[in-house]
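Q: A predicted structure for the sequence below; I have some questions about it.
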Amino acid sequence: VRWNAGGEVEYLGRVDHQVKIRGFRIELGEIEAVLAGHPDVGAAVVVARAAGQSEGDDPELQRLVAYVVPAEHQAPGATRTTSVLRSFLGEVLPGYLVPSVFVVLDELPLNSNGKLDRRALPAPDLDTGSSVGYVAPGTEAERVVARIWATVLGVERVGAKDNFFELGGDSILSIRVASRLRAAFGVDLSPRAVFTHSTVTELAAALPTGPGTEVSGIPVVSRGGELELSFAQQRLWFLHEFEPDSAEYATRVGLRLRGELDLDALGAAFTGLVARHESLRTTFEQVDGRGVQVVHPPHAVSLPVADLSGLAEPERAVELDRVLAAESARPFDLSRGPLIRPCLVRLGARDHALLVVLHHIVTDGWSMGVLGAELSAFYRAAVRREVVDLVPLPVQYADFAAWQRAELPGPVLDDGLAYWRRRLDGVAPLELPTDRPRPAVRTAAGAMHEFVVPAEVTTGLKELGRQRDGTLFMTLVAACQLLFGRWSGCDDVAVGTVVSGRERAELEGLIGFFVNTLVLRSQVDPQHSFTHFLSRVRETVLGALAHQDVPFERLVDELAPARDTSRTPLFQAMVILQNTVQWTGNQVPDLPGLEIADLALPAATASFDITCEFRERDDVLDGAFQYSTDLFDAATIERMVEHLLVLLTGIAADPHRPVGDLPMLSAAERRRVVVEWNDTAGVVPSVVWSELFAAAVVRAPGAVAVCCGDV
């Protein structure tokens, strides 16, 4: 496309020069065409470059650079400042299409054929990926904040005026920033501060100072006495005591390993993991009616091998599924252990399946990323006959549990409970229409429905979050709450989510159960725009993050909702964006000599009525609805997912529409309602009711005609 003399856009043809930066797929020609329409610009070319390197390097480190040649007959005094060009582009294009750097040239370099020589474009100073020029941090506090941002965000250099969200920040990364700032400055800091002070200068100035702001490290406790459970562990321990044969809280990961596998090295790797992390060699006993942790000495890990290599292919696949299902469903004995169970299935000389099952009481999603990375390190070291090079852990999980029990009671807990009492006062259950009556006692029977959010919709949702100083997660929460509100007919919707629970830097490298559950409650007004609703959801999420120290188990005890064994307390649907390091997809362990891929595992359980889980992959969102099969048929969930995809598409296309006007029905459903069910042209018999009744008597004289109550 191009802008013609009349100010209109002309379509010239397809531009295939695409790049991908920070999850956005970008057509460079689109930016060039708009930029060339500025009256001060004679020619323009846009490329993606990395700092000090040539075009085409690592796309995750690249920035958009615009090379501009002034117009030949530029009016005297006409401006060529980058701020004017940036503002001009920002009025037409989304923020992620606006170049970070502008370079003014006398002419574009051409090759011998008279065509643009991209390799001859001069390397600019790519100091930052922000929308402003680089400004060096001016104080020591700013320099420390900038270094922490650069490390967490994975960028080369961060300036004083750079924006956290423009650099790719999100909720999880804000927690990491806050934990490292606590460690660096010794002060208490909420992740909310990163949202409300989104530049380096603002955040450095907002760091708390003065008496009472200092925080101390987590102390190491003696292993000689009884070791208390954390609040999260306590809840799972009680649930296990109530239903010891349940496998609901089993965490499972599976990998397909193709290549030369060193069994001894793999066994040594698991043994090294168990020696490094006390949580993996901990059991749980009952003392005076309460649970306590028992940490055992390091020991060799048994790696059982099931050999299916002698079976024919069809039979081997069936038997593999049976083994995986049996191992996944086998309950844990928390008092005896072990609570980590690796299992290897040999499918051929160079083909294996690895299943690792852990009880949730000793792990969480973040922990699985730690486990995968360190399993790789231990395996590599064992294969190469080297000593593993890992930083010593400052504390262990038992230290955290003791610290949480000692530190939580007091003003922090009182303030947090007061906040949650206000937010959740009168919260009602989410009554989604179900295919069957809700059973008197909830079970874990569940299934999974997977889907993909298309790239163009994902891109729009990401940009919308950034425009509102928020995150993709906040946008997804808002969309899911609208979906549930439409389906339930309620304007007061509460959903659950999880946070890592690792606000302290000492906890980042530990394996253990740190995750905490938060309740996000929103009021849906169909007259308000989605952008307005998203702003409200943003405040809800930030408020929840600021009070995430209150354990969900303690919150349930405090609010004491009416006991109902048919549903989970406080919320029945959960929304999760998995943006922590996971042991799946591109984050699988790196084991030398092996090609590794995900291994499909048997059908899932369901901890809630519905769990909506999203995961970023390349330029799309992978989604999954994990649902209770006691309540929903597969067809119902499939229809709900279709509605969500239509809703997300509508939000990305026009986020300023009132939420009550956002589309949700598919084209086929809309036709059924508007056209097929609205067909009033049918012939209606010209009879009265008594005649219809008489005809029914002739057809079925013994049937009941009319019911009124029990009569």
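A: Nice, I can see it.

Q: and residue 313, what pLDDT?
A: Note for residue 313: predicted pLDDT of 88.

Q: again but with residue 2, I slipped
A: For residue 2, the pLDDT comes out at 57.

Q: can you check residue 56 too?
A: Here the pLDDT value assigned to residue 56 is 39.

Q: Same question for residue 371.
A: Listed pLDDT for residue 371 reads 93.

Q: Sticking with residue 315, tell me its helix or strand.
A: Using DSSP states H and E, residue 315 sits within helix 313-329.

Q: Now do the buried residues in that helix.
A: 316, 320, 323-324, 327-328 (16 or more other CB atoms under 10 Å). Heads up, the C-betas are built off the backbone N, CA and C, glycines and all.

Q: same check, this time on stretch 284-300
A: 284, 291-294.

Q: Output these as TSV; include the columns secondary structure, pLDDT and distance to residue 493.
A: Output for the buried residues of stretch 284-300, formatted as TSV (DSSP: H, G, I helix; E, B strand; the rest coil; pLDDT from 0 to 100; distance: CB to CB, whole Å):
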residue	secondary structure	pLDDT	distance to residue 493
284	strand	96	36
291	strand	93	35
292	strand	95	39
293	strand	95	38
294	strand	95	42
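
Q: Between all of the residues you listed, which two are separated the most?
A: 291 and 294 (10.1 Å; CB to CB).

Q: Only alpha carbons, please: show the next helix-or-strand element following the helix holding residue 315 as CSV.
A: Remark: after helix 313-329, the chain's next helix or strand is strand 340-348, criterion DSSP H and E. Only the C-alpha atoms of strand 340-348 are listed here, as CSV (Å, rounded to 0.1, in the frame of the first residue of the first chain):
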residue,chain,number,x,y,z
ILE,A,340,9.0,-38.2,43.0
ARG,A,341,8.6,-41.2,40.7
PRO,A,342,10.6,-41.4,37.5
CYS,A,343,9.7,-44.2,35.1
LEU,A,344,11.4,-45.1,31.8
VAL,A,345,9.8,-47.1,29.1
ARG,A,346,12.1,-48.6,26.4
LEU,A,347,10.4,-48.6,23.0
GLY,A,348,13.5,-49.4,21.0
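
Q: ok and the very next helix or strand once past strand 340-348 relative to strand 340-348, angle-wise?
A: Per DSSP H and E, the first helix or strand lying C-terminal to strand 340-348 is strand 351-359. Interaxial angle, strand 351-359 versus strand 340-348 (axes from the mean of the first three to the mean of the last three CA atoms, to 10 degrees): 170 degrees.

Q: Mind listing the shared neighbours of residue 291 and residue 294?
A: Common contact partners of residue 291 and residue 294 (CB atoms under 8 Å, 6 or more residues apart in numbering): 284-285.

Q: Turn the buried residues of stretch 284-300 into JSON lines, columns for distance to residue 659.
A: Formatted as JSON lines, the buried residues of stretch 284-300 follow (distance: CB to CB, whole Å):
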{"residue": "284", "distance to residue 659": "46"}
{"residue": "291", "distance to residue 659": "45"}
{"residue": "292", "distance to residue 659": "50"}
{"residue": "293", "distance to residue 659": "47"}
{"residue": "294", "distance to residue 659": "52"}
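
Q: Tell me the one of those residues nearest residue 689?
A: Checking the buried residues of stretch 284-300 against residue 689 with CB to CB, the nearest one is residue 291 at 68.1 Å.

Q: May I have the beta-bridge partners of that closest one?
A: residue 286 (DSSP bridges).

Q: how much space between it and residue 319?
A: Plainly put, residue 291 is 38 Å away from residue 319 if you go by CB to CB, to the nearest Å.
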